[in-house]
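> This is the structure alone, sequence omitted:
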């Protein structure tokens, strides 16, 4: 799959993130899997830009705050906005893990996100129902619908519990392979395609989906870990998924191993959402 794509606001994804170190991988039919170690240098690249940007949806936040500030006519009103921003809770580790998955899929696997799903939350700490990942996968001059799930775990067991059971990644991906839920996801996706480029890619992907009677899609299962890499995190689960996912459908299970403990992930992305960074500071 190609590298690159566009951000959720239709802007270019920017410079690519350096590739991680693949420590294991395999394939079983239409399902492939890969374990990748993220080095400290890659973590610095991510924390300095795209990861923090995605976690905080900073582009949209800056635009909203700039507008609110322009509507403020007194210091008291400006201070109210600043106080409100400071009350925003620190993102939870699983939210930071989902944001990382979106960034790495975009930069390493040709994912295109037409919309930041976090904007659909109605409460600050909500976990939205349905697929974690809904977008397009663009490669080799074509596009497919992209559906996926993200799990974060610091559990020492291999595979971790988030891979198993009715609410585990594999069963969720098996449900996403069933065309019964596709129309709901497609309606969500199409209504958020705004640029001509996104609409054209969507139409290509939707045509492939229609011609294949719901089979020609790309599934991603992303496992974010702070443990030592173990092939058993994915291999057995991938072989199980391969009994369901067959061509023209494809699935990639990928585990990313971070050199930072899961509890510290929110702090690692830094204070990118601090008032000063978002243009809500003293004076001006």
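Received the coordinates, thanks. Everything quoted here is computed from the prediction, not taken from an experiment. Numbers count the residues shown, from 1 in each chain.

> can you tell me which helix or strand the closest residue to residue 95 other than its chain neighbours belongs to?
Nearest residue to residue 95, sequence neighbours excluded (C-beta to C-beta, 6 or more residues apart in numbering): residue 55, at 6.8 Å. (Each C-beta comes from the backbone N, C-alpha and C, glycine too.) Element membership for residue 55 (DSSP states H and E) is helix 50-56.

> Below-threshold pLDDT in the stretch 101-250 of the chain: ranges please.
Within the stretch 101-250 of the chain, the segments meeting pLDDT under 70 span 116-129.

> residue ranges of the strands in it, please?
Along the stretch 101-250 of the chain, the segments classed as strands by DSSP state E, counting those that start in this stretch run 111-112, 133-139, 142-153, 217-225, 250-257.

> picking up where we left off before, I'd guessed the residue nearest to residue 95 sits against residue 268; true?
No: using C-beta atoms under 8 Å, residue 55 is not in contact with residue 268, being 10.0 Å away.

> ok, the two, which is more surrounded?
More neighbours surround residue 55 than the other of residue 55 and residue 268, with 26 against 17 (other C-beta atoms under 10 Å).

> residue ranges of the helices in this structure, please?
Ranges of helices in the chain, per DSSP state H, are 40-47, 50-56, 58-71, 75-86, 93-109, 169-176, 182-191, 196-211, 235-241, 265-268.

> Not counting its neighbours along the chain, what's nearest residue 168?
Leaving out its chain neighbours, the residue that sits closest to residue 168 by C-beta to C-beta, 6+ apart is residue 162, at 5.9 Å.

> The one you found contacts residue 153, correct?
Yes: using C-beta under 8 Å, residue 162 is in contact with residue 153, at 4.9 Å.

> Overlap in contacts, these two.
residue 223 (C-beta atoms under 8 Å, 6 or more residues apart in numbering).

> what's around the nearest residue to residue 259 once chain neighbours are set aside, how many residues?
Once flanking residues are discounted, residue 259 sits nearest to residue 40: 5.6 Å by C-beta to C-beta, 6+ apart. Residue 40 has 10 neighbours, counted by other C-beta under 10 Å.

> For residue 224, see how far away residue 40 is.
16 Å (C-beta to C-beta, to the nearest Å).

> Please apply the same query to residue 66.
Relative to residue 224, and taking C-beta to C-beta, residue 66 is found at 32 Å.

> quick one: which of these two has more around it?
The residue with more neighbours, out of residue 66 and residue 224, is residue 224; 27 against 13, by other C-beta under 10 Å.

> Contact partners for residue 182?
Here residue 182 is in contact with 145, 147, 209, 214, 217 (C-beta under 8 Å, 6+ apart).

> redo that, cut-off 6 Å
Residue 182 makes contact with residue 214 under the criterion C-beta atoms under 6 Å, 6 or more residues apart in numbering.

> re earlier: distance to residue 31 for the helices of the chain - can I get that in CSV?
Listed next are the helices of the chain as CSV, based on distance: least, C-beta to C-beta, whole Å:
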stretch, distance to residue 31
helix 40-47, 26
helix 50-56, 27
helix 58-71, 35
helix 75-86, 43
helix 93-109, 15
helix 169-176, 9
helix 182-191, 19
helix 196-211, 19
helix 235-241, 5
helix 265-268, 28
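
> Look up how far residue 217 lies from the most centrally placed residue in the chain.
Among the residues of the chain, the one closest to the centroid is residue 102, at 2.3 Å (C-alpha atoms, centre = their mean). Computed as C-beta to C-beta, the residue 102 to residue 217 distance reads 18 Å.

> likewise residue 238?
17 Å.

> Check residue 201 too.
Counting by C-beta to C-beta, the gap from residue 201 to residue 217 is 14 Å.

> and what of residue 80?
In this view, residue 80 and residue 217 are 46 Å apart by C-beta to C-beta.

> Which residue of those two possesses the greater neighbour count?
It is residue 217, of residue 80 and residue 217, that has more neighbours when counted by other C-beta under 10 Å, with 24 against 13.
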